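In: need a 3D model of the sequence below.
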Amino acid sequence: RWRYNWAVLSPLGLRFGDSAVAEANATLAARAAGQPRSDSDCWHATGVLATAAPAGELLPMPLRGCGWALCNTPTIAFMVSSALHHPTCTRRIVFGQWLNQTHLAGVTWCNRGASAEGDGPSTAVVAASYIGALVTAIPIAVGGGKLSQRSPLLKPFARFAPYPAVALANFLGSACMRSSDATRGVPVADPADGQPLGLSRAAGERAVRDTCVTRLLMPVGNFLIVPAVVWLYTAARRIRQPSLATQVAVTAAVFSVWLPTAASFYPPVGSLALDEIEPHLRSEAEARARRAGRVVSPSVEYERGV
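Out: From the prediction side, this is the model:
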């Protein structure tokens, strides 16, 4: 799981440019037209597009999944530093949360996986998710920062104050963004032949739940691990605060490794027991197995999504 997510989310994917995307599109188009192309070339082309051009066109670096960590590092470093040195500054908190959620909304929109049939979240859904995330994150962040200064027992935890706000905003934003998957369902397939059976709301609810849990885990690296590492560094060096370069370097390193780690908490392809899906889909799976003269698969598979 980690290797797959590292391939998609690693900053190394920022090296792909227009020529790499054009070559990848040409390779897959040639394979689809029946021209000989090796499996390794096709897998490489698929990886290039998944990393830098999910819709076939090259995305700007800050809006790629592989650019999420490095391009958002200055914002994260600013938020962590503000939480430690200016925990009650409302302007800093609002500005940091706005930058973070704006970048997240941009990455989500550009990597939403919309198809020719119009699947994927609409502009209205993305806008509602963005506004909801801001409305959720800013009050919690402001309240957490002020609360941490009211008690000597809470002051050492001020450095971690942004986490609850960002985590809850991520959770609610993801739930809103993927709401249609829970209500309409997501495609499920028989693992025996890979053929789709139809849309399953049970699988959709599971996919949305797993994605929301992943979104709770993603800020752990930035707002729990990074402040802890910086605190240990300053304690070991016996200095009051690290340099800006150190803060940015620690944030970039932790974020780059933690992002694919959090995404790997659940597999990209989920599995659901046959008796947990809708009766008509279960009947279809059983009928196909009888026609093929094989044993009915005990489960179905679905794409979890991001």
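In: what residues of stretch 84-95 count as buried?
Out: Neighbour counts using 16 or more other Cβ atoms under 10 Å place 84, 87, 92-95 of stretch 84-95 among the buried residues. C-betas here are computed from N, CA, C, even on glycine.
In: flag the least confident of those residues.
Out: Within those, residue 84 has the lowest pLDDT, namely 82.
In: was I right to think it contacts residue 159?
Out: Yes - with contact defined as Cβ atoms under 8 Å, residue 84 counts as touching residue 159 (4.6 Å).
In: identify the contacts common to the two.
Out: residue 227 (Cβ atoms under 8 Å, 6 or more residues apart in numbering).
In: check contacts around residue 265.
Out: By Cβ under 8 Å, 6+ apart, the neighbours of residue 265 are 213-214, 217.
In: drop anything exposed from these.
Out: 214, 217.
In: nearest to residue 175, out of the contacts of residue 265: which one, please.
Out: residue 213 (10.8 Å; Cβ to Cβ).
In: how far does the helix or strand hosting that closest one sit from its chain's centre?
Out: Secondary structure from DSSP states H and E places residue 213 in helix 201-220. Helix 201-220 sits 10 Å away from the centroid of its parent chain (Cα atoms, centre = their mean, to the nearest Å).
In: for that helix, buried residues please.
Out: 201-208, 210-212, 214-220.
In: how about stretch 266-282?
Out: 266, 270, 272, 277-278, 281-282.
In: switch those over to JSON lines; also include pLDDT.
Out: Converted to JSON lines, those look like this (pLDDT from 0 to 100):
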{"residue": "266", "pLDDT": "85"}
{"residue": "270", "pLDDT": "87"}
{"residue": "272", "pLDDT": "90"}
{"residue": "277", "pLDDT": "91"}
{"residue": "278", "pLDDT": "92"}
{"residue": "281", "pLDDT": "91"}
{"residue": "282", "pLDDT": "91"}
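In: from these, which ones fall inside strands?
Out: Using DSSP state E, the members of these that fall within strands are 270, 272.
In: can you put the buried residues of stretch 266-282 in TSV and add distance to residue 135?
Out: Listed next are the buried residues of stretch 266-282 as TSV, based on distance: Cβ to Cβ, whole Å:
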residue	distance to residue 135
266	28
270	31
272	34
277	36
278	35
281	37
282	41
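In: so which of the buried residues of stretch 266-282 is the closest to residue 185?
Out: Scanning the buried residues of stretch 266-282 for proximity to residue 185, where the rule is Cβ to Cβ, the winner is residue 278, at 8.2 Å.
In: and that closest one, what is it in contact with?
Out: Counting by Cβ under 8 Å, 6+ apart, residue 278 makes contact with 200-202.
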